[in-house]
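1. my questions are about this predicted structure, shown below with the sequence.
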Amino acid sequence: MLIRLVLPALAATLLAAGPAGAQMARTEAPAAPKEGTAKTVPLSRSDVQLSFAPVVKRAAPSVVNVYASHVEKRSTARASAMDEFMRRFFGEPEGGRGPRGDRAQRSLGSGVLVDADGLVITNNHVIDNMNEVRIALSDRREFEATIVMRDTRTDLAVLKLKEAPKGLVPMPFGDADALEVGDFVMAIGNPFGVGQTVTQGIVSALARTQVGSADYQYFIQTDAAINPGNSGGALVDLRGQLVGINTAIYSQSGGSHGIGFAIPVGMVKAVVDAARDGATVVRRPWLGARIQSVTPDIADSMGLDHPTGVLVASLQPKSPADEAGLKRGDLILTVDNQEVADPEAFGYRFALKGVQGQTRFGILRGTNRQTVTVKLAPAPETRPRDVLKVKTRSPFQGASLVNTSPAVAEELQVDFPAEGVAVQAVDEGSIAGRLGLQKGDIIVAVNGVPVPTTKDLDRVTRNTLNSWEVVINRNGEIMTSVFGG
(Lines give C-alpha, C1' and ligand atoms only; values in the text may rest on other atoms or scores of the structure.)
Protein backbone atom coordinates (compact mmCIF):
# COMPACT_ATOMS: atom_id res chain seq x y z
CA MET A 1 0.00 0.00 0.00
CA LEU A 2 1.35 3.42 -0.97
CA ILE A 3 1.06 6.00 1.81
CA ARG A 4 1.69 9.72 1.47
CA LEU A 5 3.52 10.99 4.48
CA VAL A 6 1.13 13.60 5.82
CA LEU A 7 -0.62 13.59 9.18
CA PRO A 8 -4.29 14.64 9.47
CA ALA A 9 -3.52 15.74 13.03
CA LEU A 10 -0.77 15.56 15.61
CA ALA A 11 -0.19 11.99 16.80
CA ALA A 12 2.47 9.94 18.53
CA THR A 13 3.30 6.25 18.57
CA LEU A 14 5.35 4.88 21.46
CA LEU A 15 7.33 1.66 21.12
CA ALA A 16 8.42 -0.15 24.29
CA ALA A 17 11.40 -2.50 24.37
CA GLY A 18 10.58 -5.97 25.68
CA PRO A 19 12.77 -8.98 26.43
CA ALA A 20 13.81 -9.23 22.79
CA GLY A 21 15.10 -5.68 22.95
CA ALA A 22 17.03 -6.46 26.10
CA GLN A 23 18.63 -9.45 24.43
CA MET A 24 19.74 -7.28 21.52
CA ALA A 25 21.55 -5.02 23.96
CA ARG A 26 23.72 -7.78 25.37
CA THR A 27 27.37 -7.58 24.48
CA GLU A 28 28.80 -10.72 22.99
CA ALA A 29 32.40 -11.73 23.70
CA PRO A 30 34.64 -10.54 20.86
CA ALA A 31 35.68 -13.24 18.43
CA ALA A 32 39.33 -14.19 18.34
CA PRO A 33 41.16 -12.42 15.51
CA LYS A 34 41.88 -14.51 12.49
CA GLU A 35 45.46 -15.60 12.08
CA GLY A 36 47.41 -13.12 10.01
CA THR A 37 44.96 -10.20 10.59
CA ALA A 38 46.73 -7.15 12.01
CA LYS A 39 45.00 -5.39 14.92
CA THR A 40 45.96 -1.89 15.99
CA VAL A 41 44.92 0.31 18.88
CA PRO A 42 43.26 3.63 17.88
CA LEU A 43 45.87 6.36 18.11
CA SER A 44 43.55 9.37 18.14
CA ARG A 45 40.01 10.37 19.00
CA SER A 46 39.18 10.78 15.33
CA ASP A 47 39.93 7.09 14.79
CA VAL A 48 36.91 6.10 16.88
CA GLN A 49 34.57 9.10 16.66
CA LEU A 50 32.73 8.78 13.34
CA SER A 51 29.46 10.70 13.14
CA PHE A 52 26.94 12.25 10.75
CA ALA A 53 26.55 15.18 13.17
CA PRO A 54 28.49 17.68 10.98
CA VAL A 55 26.12 16.95 8.08
CA VAL A 56 23.06 17.35 10.29
CA LYS A 57 24.33 20.68 11.64
CA ARG A 58 24.59 21.98 8.06
CA ALA A 59 21.25 20.64 6.84
CA ALA A 60 18.85 20.68 9.81
CA PRO A 61 18.37 24.50 10.04
CA SER A 62 16.94 24.41 6.51
CA VAL A 63 14.19 21.90 7.32
CA VAL A 64 10.88 23.30 8.60
CA ASN A 65 7.54 22.04 9.88
CA VAL A 66 4.45 22.88 7.82
CA TYR A 67 1.13 23.32 9.61
CA ALA A 68 -1.78 23.69 7.19
CA SER A 69 -5.49 24.11 7.87
CA HIS A 70 -8.72 24.70 6.01
CA VAL A 71 -11.17 26.80 7.97
CA GLU A 72 -14.80 27.16 6.94
CA LYS A 73 -16.25 30.38 8.30
CA ARG A 74 -19.71 29.97 9.79
CA SER A 75 -22.21 32.54 10.96
CA THR A 76 -22.50 33.06 14.72
CA ALA A 77 -26.12 31.90 14.90
CA ARG A 78 -25.47 28.75 12.88
CA ALA A 79 -22.29 28.06 14.82
CA SER A 80 -24.06 28.33 18.16
CA ALA A 81 -26.78 25.92 17.07
CA MET A 82 -24.23 23.44 15.73
CA ASP A 83 -22.09 23.70 18.87
CA GLU A 84 -25.13 22.97 21.03
CA PHE A 85 -26.06 19.98 18.85
CA MET A 86 -22.53 18.53 18.96
CA ARG A 87 -22.29 19.11 22.72
CA ARG A 88 -25.60 17.38 23.47
CA PHE A 89 -25.38 14.40 21.14
CA PHE A 90 -21.65 13.75 20.80
CA GLY A 91 -20.30 15.06 24.07
CA GLU A 92 -18.09 17.75 22.51
CA PRO A 93 -17.04 20.50 24.90
CA GLU A 94 -18.69 23.84 24.37
CA GLY A 95 -16.79 25.90 21.82
CA GLY A 96 -14.79 22.85 20.73
CA ARG A 97 -15.21 23.68 17.09
CA GLY A 98 -13.05 26.79 17.22
CA PRO A 99 -13.84 30.53 17.06
CA ARG A 100 -17.47 31.19 16.06
CA GLY A 101 -17.82 27.44 15.57
CA ASP A 102 -15.65 27.50 12.44
CA ARG A 103 -15.01 24.01 11.06
CA ALA A 104 -11.34 23.24 10.47
CA GLN A 105 -9.34 20.50 8.78
CA ARG A 106 -5.67 20.27 9.63
CA SER A 107 -2.60 18.54 8.29
CA LEU A 108 1.03 18.37 9.31
CA GLY A 109 4.06 17.88 7.12
CA SER A 110 7.60 19.08 6.53
CA GLY A 111 9.33 21.45 4.14
CA VAL A 112 12.73 22.72 3.06
CA LEU A 113 13.97 26.32 2.89
CA VAL A 114 15.41 26.83 -0.59
CA ASP A 115 15.84 30.60 -0.59
CA ALA A 116 17.10 33.17 1.92
CA ASP A 117 13.97 35.25 1.18
CA GLY A 118 11.75 32.56 2.69
CA LEU A 119 10.77 30.21 -0.15
CA VAL A 120 9.87 26.73 1.10
CA ILE A 121 9.33 23.59 -0.97
CA THR A 122 6.96 20.88 0.29
CA ASN A 123 4.55 18.28 -1.07
CA ASN A 124 1.33 19.50 -2.62
CA HIS A 125 -0.66 16.90 -0.69
CA VAL A 126 0.50 18.52 2.57
CA ILE A 127 -1.39 21.72 1.73
CA ASP A 128 -4.05 20.26 -0.60
CA ASN A 129 -7.42 22.00 -0.03
CA MET A 130 -5.85 24.10 2.73
CA ASN A 131 -6.19 27.89 2.92
CA GLU A 132 -4.05 28.74 5.96
CA VAL A 133 -0.39 27.74 6.37
CA ARG A 134 2.14 28.31 9.15
CA ILE A 135 5.84 27.47 9.04
CA ALA A 136 7.86 26.53 12.12
CA LEU A 137 11.63 26.89 11.80
CA SER A 138 14.07 24.52 13.46
CA ASP A 139 14.49 27.03 16.31
CA ARG A 140 10.69 26.92 16.89
CA ARG A 141 9.93 30.40 15.58
CA GLU A 142 6.65 30.36 13.64
CA PHE A 143 5.54 32.46 10.66
CA GLU A 144 2.50 32.70 8.47
CA ALA A 145 3.07 31.65 4.87
CA THR A 146 1.36 32.09 1.53
CA ILE A 147 0.93 29.40 -1.12
CA VAL A 148 2.92 30.58 -4.13
CA MET A 149 2.47 27.57 -6.42
CA ARG A 150 0.79 24.18 -6.47
CA ASP A 151 2.08 21.67 -9.01
CA THR A 152 -0.19 18.65 -8.79
CA ARG A 153 1.63 16.79 -11.57
CA THR A 154 4.77 16.49 -9.44
CA ASP A 155 3.01 16.66 -6.05
CA LEU A 156 5.14 19.68 -5.13
CA ALA A 157 4.16 23.08 -3.78
CA VAL A 158 6.07 26.29 -3.07
CA LEU A 159 5.32 28.41 0.01
CA LYS A 160 6.69 31.78 1.10
CA LEU A 161 7.04 33.21 4.59
CA LYS A 162 5.01 36.43 4.78
CA GLU A 163 7.59 38.16 6.98
CA ALA A 164 10.84 36.29 6.42
CA PRO A 165 13.39 36.99 9.17
CA LYS A 166 17.02 37.66 8.43
CA GLY A 167 19.53 34.86 8.68
CA LEU A 168 17.50 32.09 7.05
CA VAL A 169 19.70 29.20 5.93
CA PRO A 170 18.58 27.76 2.57
CA MET A 171 19.62 24.22 1.73
CA PRO A 172 21.85 23.97 -1.37
CA PHE A 173 20.71 21.75 -4.21
CA GLY A 174 22.70 18.58 -4.78
CA ASP A 175 22.88 16.32 -7.83
CA ALA A 176 20.48 13.38 -7.78
CA ASP A 177 21.98 12.07 -11.03
CA ALA A 178 25.27 11.55 -9.18
CA LEU A 179 23.63 9.22 -6.64
CA GLU A 180 24.41 5.53 -6.77
CA VAL A 181 22.67 2.61 -5.15
CA GLY A 182 24.38 2.10 -1.79
CA ASP A 183 25.19 5.78 -1.15
CA PHE A 184 24.47 7.05 2.36
CA VAL A 185 21.56 9.50 2.66
CA MET A 186 19.61 11.06 5.53
CA ALA A 187 15.93 11.95 5.85
CA ILE A 188 15.04 15.01 7.92
CA GLY A 189 11.45 15.88 8.81
CA ASN A 190 8.76 15.84 11.47
CA PRO A 191 7.42 12.26 11.70
CA PHE A 192 4.23 11.82 13.72
CA GLY A 193 4.55 15.43 14.88
CA VAL A 194 7.23 14.60 17.47
CA GLY A 195 9.57 17.34 16.23
CA GLN A 196 12.50 17.50 13.87
CA THR A 197 13.98 14.03 13.43
CA VAL A 198 16.94 12.69 11.46
CA THR A 199 17.18 9.13 10.14
CA GLN A 200 19.96 7.57 8.11
CA GLY A 201 20.05 4.89 5.44
CA ILE A 202 21.20 4.21 1.91
CA VAL A 203 19.88 4.71 -1.58
CA SER A 204 18.06 1.43 -2.20
CA ALA A 205 17.16 2.02 -5.85
CA LEU A 206 16.99 4.76 -8.47
CA ALA A 207 14.43 5.70 -11.13
CA ARG A 208 11.52 3.89 -9.50
CA THR A 209 8.55 4.40 -11.85
CA GLN A 210 5.64 2.35 -10.47
CA VAL A 211 4.94 4.34 -7.33
CA GLY A 212 1.76 6.12 -8.37
CA SER A 213 1.83 9.31 -6.27
CA ALA A 214 2.33 11.82 -9.14
CA ASP A 215 2.20 12.14 -12.92
CA TYR A 216 5.99 12.10 -13.18
CA GLN A 217 7.05 8.65 -11.98
CA TYR A 218 10.79 8.80 -11.30
CA PHE A 219 11.70 8.38 -7.63
CA ILE A 220 14.71 7.79 -5.40
CA GLN A 221 14.07 4.81 -3.13
CA THR A 222 15.67 4.75 0.32
CA ASP A 223 15.59 2.63 3.47
CA ALA A 224 16.09 5.66 5.72
CA ALA A 225 13.14 5.53 8.13
CA ILE A 226 10.46 7.99 7.01
CA ASN A 227 6.94 8.09 8.42
CA PRO A 228 3.71 10.11 8.28
CA GLY A 229 4.66 13.74 8.84
CA ASN A 230 7.86 13.40 6.80
CA SER A 231 6.06 14.53 3.63
CA GLY A 232 7.90 17.46 2.10
CA GLY A 233 11.01 16.86 4.20
CA ALA A 234 14.56 16.64 2.92
CA LEU A 235 16.57 13.70 1.67
CA VAL A 236 20.18 14.88 1.89
CA ASP A 237 23.55 13.51 0.85
CA LEU A 238 26.67 13.48 3.04
CA ARG A 239 27.55 17.01 1.97
CA GLY A 240 24.31 18.29 3.48
CA GLN A 241 22.83 19.01 0.04
CA LEU A 242 19.24 18.39 -1.00
CA VAL A 243 18.91 15.39 -3.33
CA GLY A 244 15.19 14.72 -2.93
CA ILE A 245 11.88 15.57 -1.26
CA ASN A 246 10.41 12.69 0.75
CA THR A 247 6.91 12.01 -0.50
CA ALA A 248 5.62 8.45 0.02
CA ILE A 249 6.25 5.05 1.58
CA TYR A 250 5.10 1.51 0.98
CA SER A 251 3.51 0.29 4.17
CA GLN A 252 0.79 -2.07 5.40
CA SER A 253 0.73 -0.61 8.89
CA GLY A 254 1.17 3.11 8.24
CA GLY A 255 4.73 3.08 9.62
CA SER A 256 8.11 2.76 7.98
CA HIS A 257 9.11 -0.63 6.56
CA GLY A 258 12.28 0.65 4.90
CA ILE A 259 10.74 1.45 1.51
CA GLY A 260 10.47 5.20 1.05
CA PHE A 261 10.38 7.38 -2.04
CA ALA A 262 11.69 10.88 -2.73
CA ILE A 263 11.18 13.22 -5.69
CA PRO A 264 14.63 13.88 -7.25
CA VAL A 265 16.03 17.35 -6.75
CA GLY A 266 16.10 18.01 -10.50
CA MET A 267 12.31 18.20 -10.59
CA VAL A 268 12.29 20.15 -7.33
CA LYS A 269 14.63 22.75 -8.83
CA ALA A 270 12.42 23.14 -11.92
CA VAL A 271 9.39 23.92 -9.75
CA VAL A 272 11.33 26.31 -7.49
CA ASP A 273 12.83 28.16 -10.48
CA ALA A 274 9.35 28.66 -11.96
CA ALA A 275 8.12 30.10 -8.66
CA ARG A 276 11.13 32.43 -8.43
CA ASP A 277 10.31 33.75 -11.89
CA GLY A 278 6.82 34.69 -10.70
CA ALA A 279 4.97 31.89 -12.51
CA THR A 280 1.87 30.32 -10.98
CA VAL A 281 2.20 27.14 -13.05
CA VAL A 282 5.18 25.17 -14.29
CA ARG A 283 5.51 25.28 -18.07
CA ARG A 284 6.89 22.10 -19.60
CA PRO A 285 8.02 21.27 -23.12
CA TRP A 286 5.63 19.76 -25.67
CA LEU A 287 6.77 16.90 -27.87
CA GLY A 288 3.65 16.30 -29.92
CA ALA A 289 4.16 12.55 -30.18
CA ARG A 290 2.60 9.54 -28.51
CA ILE A 291 5.15 7.11 -27.14
CA GLN A 292 4.92 3.57 -25.80
CA SER A 293 6.95 1.06 -23.85
CA VAL A 294 9.29 -1.43 -25.49
CA THR A 295 8.23 -5.03 -24.89
CA PRO A 296 10.69 -7.96 -24.95
CA ASP A 297 9.27 -8.96 -28.37
CA ILE A 298 9.80 -5.46 -29.79
CA ALA A 299 13.32 -5.35 -28.34
CA ASP A 300 14.12 -8.72 -29.93
CA SER A 301 12.77 -7.62 -33.31
CA MET A 302 14.98 -4.50 -33.19
CA GLY A 303 18.10 -6.44 -32.25
CA LEU A 304 18.30 -5.11 -28.69
CA ASP A 305 19.77 -7.13 -25.84
CA HIS A 306 16.97 -6.01 -23.50
CA PRO A 307 13.91 -3.71 -23.54
CA THR A 308 14.92 -0.06 -23.26
CA GLY A 309 13.93 3.31 -24.65
CA VAL A 310 10.52 4.47 -25.85
CA LEU A 311 8.87 3.82 -29.18
CA VAL A 312 7.29 6.64 -31.21
CA ALA A 313 3.74 5.42 -31.91
CA SER A 314 2.32 8.52 -33.65
CA LEU A 315 3.09 12.18 -34.31
CA GLN A 316 1.03 15.33 -34.54
CA PRO A 317 1.58 17.45 -37.66
CA LYS A 318 3.69 20.58 -37.15
CA SER A 319 4.65 19.52 -33.63
CA PRO A 320 8.28 19.72 -32.35
CA ALA A 321 8.60 15.95 -32.88
CA ASP A 322 7.34 16.23 -36.46
CA GLU A 323 9.56 19.21 -37.27
CA ALA A 324 12.60 17.43 -35.78
CA GLY A 325 12.16 14.63 -38.31
CA LEU A 326 11.08 11.91 -35.90
CA LYS A 327 9.14 9.09 -37.53
CA ARG A 328 6.66 6.50 -36.38
CA GLY A 329 8.64 3.45 -35.25
CA ASP A 330 11.72 5.39 -34.12
CA LEU A 331 13.15 4.23 -30.80
CA ILE A 332 14.26 7.07 -28.50
CA LEU A 333 17.18 5.82 -26.38
CA THR A 334 18.63 8.99 -24.82
CA VAL A 335 17.77 12.60 -23.99
CA ASP A 336 20.92 14.72 -24.06
CA ASN A 337 23.00 11.56 -23.60
CA GLN A 338 21.00 10.42 -20.56
CA GLU A 339 19.48 6.98 -21.02
CA VAL A 340 15.69 6.61 -20.86
CA ALA A 341 14.54 3.08 -20.10
CA ASP A 342 10.76 3.58 -20.25
CA PRO A 343 8.07 6.24 -20.88
CA GLU A 344 8.21 7.45 -17.25
CA ALA A 345 11.98 8.03 -17.42
CA PHE A 346 11.57 9.78 -20.77
CA GLY A 347 8.82 12.02 -19.39
CA TYR A 348 10.98 13.01 -16.42
CA ARG A 349 14.08 13.77 -18.49
CA PHE A 350 12.19 15.68 -21.15
CA ALA A 351 10.18 17.72 -18.61
CA LEU A 352 13.41 19.01 -17.02
CA LYS A 353 14.54 20.63 -20.28
CA GLY A 354 12.27 23.66 -19.98
CA VAL A 355 10.55 25.52 -22.81
CA GLN A 356 13.46 27.34 -24.41
CA GLY A 357 16.31 26.19 -26.62
CA GLN A 358 16.61 22.63 -27.87
CA THR A 359 17.51 19.12 -26.81
CA ARG A 360 19.01 16.12 -28.58
CA PHE A 361 17.51 12.65 -28.79
CA GLY A 362 19.59 9.59 -29.49
CA ILE A 363 17.39 7.31 -31.58
CA LEU A 364 17.47 3.94 -33.30
CA ARG A 365 15.82 3.92 -36.74
CA GLY A 366 15.88 0.43 -38.11
CA THR A 367 19.45 -0.64 -37.50
CA ASN A 368 20.94 2.87 -37.64
CA ARG A 369 21.65 5.01 -34.60
CA GLN A 370 21.09 8.72 -35.18
CA THR A 371 20.77 11.99 -33.29
CA VAL A 372 17.88 14.41 -33.83
CA THR A 373 17.51 17.93 -32.45
CA VAL A 374 14.13 18.80 -30.95
CA LYS A 375 12.94 22.35 -30.32
CA LEU A 376 11.78 23.06 -26.77
CA ALA A 377 8.48 24.91 -26.61
CA PRO A 378 5.28 24.79 -24.55
CA ALA A 379 2.16 23.16 -25.92
CA PRO A 380 0.17 25.73 -27.91
CA GLU A 381 -3.37 26.76 -27.09
CA THR A 382 -4.68 26.55 -30.64
CA ARG A 383 -8.14 27.81 -29.68
CA PRO A 384 -9.58 29.60 -26.65
CA ARG A 385 -10.60 27.39 -23.75
CA ASP A 386 -14.00 29.06 -23.31
CA VAL A 387 -14.52 27.52 -19.87
CA LEU A 388 -18.08 26.28 -19.33
CA LYS A 389 -19.40 25.70 -15.81
CA VAL A 390 -22.64 23.77 -16.20
CA LYS A 391 -25.28 24.83 -13.66
CA THR A 392 -28.48 23.60 -15.33
CA ARG A 393 -29.77 20.15 -14.44
CA SER A 394 -28.01 17.68 -16.70
CA PRO A 395 -25.33 14.96 -16.46
CA PHE A 396 -22.75 17.77 -16.64
CA GLN A 397 -24.00 19.83 -13.69
CA GLY A 398 -21.01 20.57 -11.46
CA ALA A 399 -18.41 19.97 -14.17
CA SER A 400 -16.02 22.54 -15.64
CA LEU A 401 -15.45 21.95 -19.36
CA VAL A 402 -13.00 23.48 -21.84
CA ASN A 403 -12.23 23.30 -25.54
CA THR A 404 -9.49 20.81 -26.37
CA SER A 405 -6.04 21.92 -27.57
CA PRO A 406 -2.48 20.63 -27.22
CA ALA A 407 -2.07 22.75 -24.08
CA VAL A 408 -5.23 21.33 -22.50
CA ALA A 409 -4.22 17.80 -23.48
CA GLU A 410 -0.83 18.24 -21.81
CA GLU A 411 -2.41 19.53 -18.59
CA LEU A 412 -5.02 16.78 -18.42
CA GLN A 413 -2.64 14.07 -19.66
CA VAL A 414 -4.86 12.94 -22.52
CA ASP A 415 -3.98 12.11 -26.10
CA PHE A 416 -4.47 14.87 -28.66
CA PRO A 417 -6.02 15.44 -31.14
CA ALA A 418 -9.38 14.51 -29.66
CA GLU A 419 -12.58 16.03 -31.03
CA GLY A 420 -14.92 17.32 -28.36
CA VAL A 421 -14.97 19.12 -25.03
CA ALA A 422 -12.63 18.18 -22.18
CA VAL A 423 -13.69 17.81 -18.55
CA GLN A 424 -11.28 20.05 -16.62
CA ALA A 425 -12.69 19.45 -13.12
CA VAL A 426 -15.68 17.90 -11.35
CA ASP A 427 -17.15 19.25 -8.13
CA GLU A 428 -17.34 16.71 -5.33
CA GLY A 429 -20.91 15.63 -4.66
CA SER A 430 -22.23 17.15 -7.90
CA ILE A 431 -24.50 15.35 -10.37
CA ALA A 432 -21.55 14.98 -12.77
CA GLY A 433 -19.45 13.48 -9.99
CA ARG A 434 -22.14 11.06 -8.86
CA LEU A 435 -22.66 9.87 -12.45
CA GLY A 436 -18.94 9.09 -12.79
CA LEU A 437 -17.73 11.90 -15.03
CA GLN A 438 -13.94 12.23 -14.59
CA LYS A 439 -11.29 14.83 -15.14
CA GLY A 440 -9.76 14.22 -18.57
CA ASP A 441 -12.93 12.78 -20.15
CA ILE A 442 -13.67 14.09 -23.64
CA ILE A 443 -17.36 14.68 -24.36
CA VAL A 444 -17.80 13.73 -28.02
CA ALA A 445 -21.58 13.86 -28.56
CA VAL A 446 -24.84 14.32 -26.67
CA ASN A 447 -28.06 12.68 -27.89
CA GLY A 448 -26.47 12.03 -31.26
CA VAL A 449 -25.33 15.63 -31.73
CA PRO A 450 -21.54 16.26 -31.91
CA VAL A 451 -20.27 18.86 -29.40
CA PRO A 452 -16.92 20.09 -30.77
CA THR A 453 -16.94 23.23 -28.56
CA THR A 454 -18.18 24.35 -25.16
CA LYS A 455 -20.68 26.64 -26.89
CA ASP A 456 -22.23 23.62 -28.60
CA LEU A 457 -22.46 21.77 -25.29
CA ASP A 458 -23.94 24.84 -23.60
CA ARG A 459 -26.74 24.97 -26.17
CA VAL A 460 -27.53 21.28 -25.62
CA THR A 461 -27.62 21.51 -21.82
CA ARG A 462 -30.08 24.40 -21.81
CA ASN A 463 -32.85 21.96 -22.70
CA THR A 464 -34.71 19.92 -20.07
CA LEU A 465 -34.72 16.30 -21.21
CA ASN A 466 -35.98 13.02 -19.80
CA SER A 467 -32.86 11.14 -20.87
CA TRP A 468 -29.34 11.90 -22.03
CA GLU A 469 -27.18 9.76 -24.30
CA VAL A 470 -23.56 10.84 -23.83
CA VAL A 471 -20.58 9.63 -25.88
CA ILE A 472 -17.29 9.93 -23.95
CA ASN A 473 -13.69 9.39 -25.02
CA ARG A 474 -11.85 8.14 -21.92
CA ASN A 475 -8.16 7.36 -22.45
CA GLY A 476 -8.84 6.51 -26.09
CA GLU A 477 -11.81 4.24 -25.32
CA ILE A 478 -15.18 5.39 -26.71
CA MET A 479 -18.03 4.80 -24.27
CA THR A 480 -21.76 5.53 -24.60
CA SER A 481 -23.84 6.02 -21.48
CA VAL A 482 -27.54 6.86 -21.01
CA PHE A 483 -28.62 8.93 -18.01
CA GLY A 484 -32.05 9.91 -16.71
CA GLY A 485 -33.13 13.52 -16.84
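-> Yes, it's here. Bear in mind the structure is a predicted one, so any value in this text is a computation, not a measurement.
2. which elements pack onto the helix or strand where residue 120 lies?
-> Following DSSP states H and E, one finds residue 120 within strand 119-123. Identification of packing neighbours for strand 119-123 by 3 or more CB pairs under 8 Å, 6 or more residues apart in numbering; DSSP states H and E yields strand 63-72, strand 103-113, strand 156-161, strand 242-250, helix 265-276. All C-beta atoms are positioned from the backbone trio N, CA, C, and that covers glycine.
3. mean confidence for that strand?
-> The pLDDT scores in strand 119-123 average 95.
4. swap in stretch 63-83?
-> Mean predicted confidence for stretch 63-83 is 66.
5. with stretch 385-401 instead?
-> In the prediction, stretch 385-401 has an average pLDDT of 90.
6. try stretch 270-287
-> On average, stretch 270-287 scores 91.
7. work out for me the element the closest residue to residue 184 other than its chain neighbours sits within.
-> Once flanking residues are discounted, residue 184 sits nearest to residue 238: 5.5 Å by CB to CB, 6 or more residues apart in numbering. Counting by DSSP H and E, there is no helix or strand that carries residue 238.
8. close enough to count as contact, residue 238 and residue 52?
-> Yes: Residue 238 is within contact range of residue 52, at 7.5 Å (criterion: CB atoms under 8 Å).
9. shared neighbours, these two?
-> Common neighbours of residue 238 and residue 52, using CB atoms under 8 Å, 6 or more residues apart in numbering, are residue 184.
10. where does the chain have low pLDDT?
-> 1-37, 39, 71-105, 210-215, 250-257, 485 (pLDDT under 70).
11. find the centremost residue of it, please.
-> residue 155 (2.2 Å; CA atoms, centre = their mean).
12. that residue touches residue 123, doesn't it?
-> Yes: counting by CB under 8 Å, residue 155 touches residue 123, with 5.4 Å between them.
13. contacting residues for residue 109?
-> 5-7, 65-66, 68, 122-123, 126-127, 189-190, 229-233.
14. now it. Nearest residue, chain neighbours left out?
-> The nearest residue in space to residue 109 (CB to CB, 6+ apart) is residue 126, at 3.4 Å.
15. show me what contacts that neighbour?
-> Contacts of residue 126 by CB under 8 Å, 6+ apart are 6, 66, 68, 107-111, 157, 231-232.
16. same question for residue 453.
-> 386, 403, 421.
17. wait, the first one sits on residue 456?
-> No: counting by CB under 8 Å, residue 386 sits too far from residue 456 to count as a contact (10.4 Å).
18. those two: which is more packed in?
-> residue 456 (19 against 14; other CB atoms under 10 Å).
19. and stretch 321-333, what's buried?
-> 321, 324, 326, 330-333 (16 or more other CB atoms under 10 Å).
20. so which of the residues you listed belong to strands?
-> 331-333 (DSSP state E).
21. thinking again about what came up before, ok, and what's touching the strand holding residue 120?
-> By CB under 8 Å, 6+ apart, strand 119-123 touches 4-6, 64, 66, 109-114, 135, 145, 148, 155-161, 170, 231-232, 245, 247, 268, 271-272, 275-276.
22. select only the buried ones of these in PyMOL?
-> Buried members of the contacts of strand 119-123, defined by 16+ other CB under 10 Å, are picked up in PyMOL with:
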select buried, resi 4+5+6+64+66+109+110+111+112+113+114+135+145+148+155+156+157+158+159+160+161+170+231+232+245+247+268+271+272+275
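23. now the phi/psi pair for the residue nearest to residue 109, please.
-> phi -70, psi -40 (degrees, to the nearest 10).
24. just residue 300 next, same as before
-> Torsion angles, degrees, to the nearest 10, at residue 300: phi -60, psi -40.
25. neighbours of it, just the number please.
-> Neighbours around residue 300, by other CB under 10 Å: 12.
26. same thing with residue 435?
-> 19.
27. ok, now residue 404?
-> 26.
28. so what's the closest residue to it other than its chain neighbours up against?
-> Counting by CB to CB, 6+ apart, residue 404 lies nearest to residue 422, which is 5.0 Å off, once chain neighbours are set aside. Taking CB under 8 Å, 6+ apart as the contact definition, residue 422 lies against 401-404, 408-409, 412, 414, 440-443.
29. could you pull out the helices for the stretch 301-450 of the chain?
-> Applying DSSP state H, counting those that start in this stretch to the stretch 301-450 of the chain gives helices spanning 320-323, 343-351, 406-412, 431-434.
30. show me what the longest one is packed up against.
-> Counting by 3+ CB pairs under 8 Å, 6+ apart, the packing neighbours recorded for helix 343-351 are helix 265-276, strand 289-292, strand 331-335.
31. now residue 111, which residues is it bridged with?
-> For residue 111, the beta-bridge partners are residue 64 (DSSP bridges).
32. tell me the secondary structure of residue 459, please.
-> Here residue 459 is recorded as helix under DSSP: H, G, I helix; E, B strand; the rest coil.
33. mind listing the helices for the stretch 51-200 of the chain?
-> Counting by DSSP H, counting those that start in this stretch, the helices of the stretch 51-200 of the chain are 53-59, 76-90, 124-127.
34. reformat the contacts of residue 126 as JSON lines; add distance to residue 368.
-> Shown next, in JSON lines, are the contacts of residue 126 (distance: CB to CB, whole Å):
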{"residue": "6", "distance to residue 368": "49"}
{"residue": "66", "distance to residue 368": "52"}
{"residue": "68", "distance to residue 368": "54"}
{"residue": "107", "distance to residue 368": "53"}
{"residue": "108", "distance to residue 368": "55"}
{"residue": "109", "distance to residue 368": "50"}
{"residue": "110", "distance to residue 368": "49"}
{"residue": "111", "distance to residue 368": "49"}
{"residue": "157", "distance to residue 368": "45"}
{"residue": "231", "distance to residue 368": "47"}
{"residue": "232", "distance to residue 368": "46"}
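35. out of the residues you listed, which comes closest to residue 299?
-> residue 231 (37.4 Å; CB to CB).
36. does that closest one touch residue 247 like I think?
-> Yes: counting by CB under 8 Å, residue 231 touches residue 247, with 6.2 Å between them.
37. spit out the contact partners of the nearest residue to residue 52 once chain neighbours are set aside.
-> Excluding the flanking residues, the one nearest residue 52 by CB to CB, 6+ apart is residue 200, at 6.0 Å. Listed by CB under 8 Å, 6+ apart, the contact set of residue 200 reads 52, 184-187, 224.
38. out of the residues you listed, which end up buried?
-> Of those, these count as buried by 16+ other CB under 10 Å: 185-187, 224.
39. tell me which two of the contacts of residue 126 sit farthest apart.
-> Most distant of the contacts of residue 126, by CB to CB, are 108 and 157, 14.6 Å apart.
40. how much space separates the nearest residue to residue 138 once chain neighbours are set aside from residue 133?
-> In space, and not counting its chain neighbours, residue 138 is closest to residue 61: 5.0 Å by CB to CB, 6+ apart. Between residue 61 and residue 133 the distance is 20 Å, computed by CB to CB, to the nearest Å.
41. having no further points to raise, I will conclude here.
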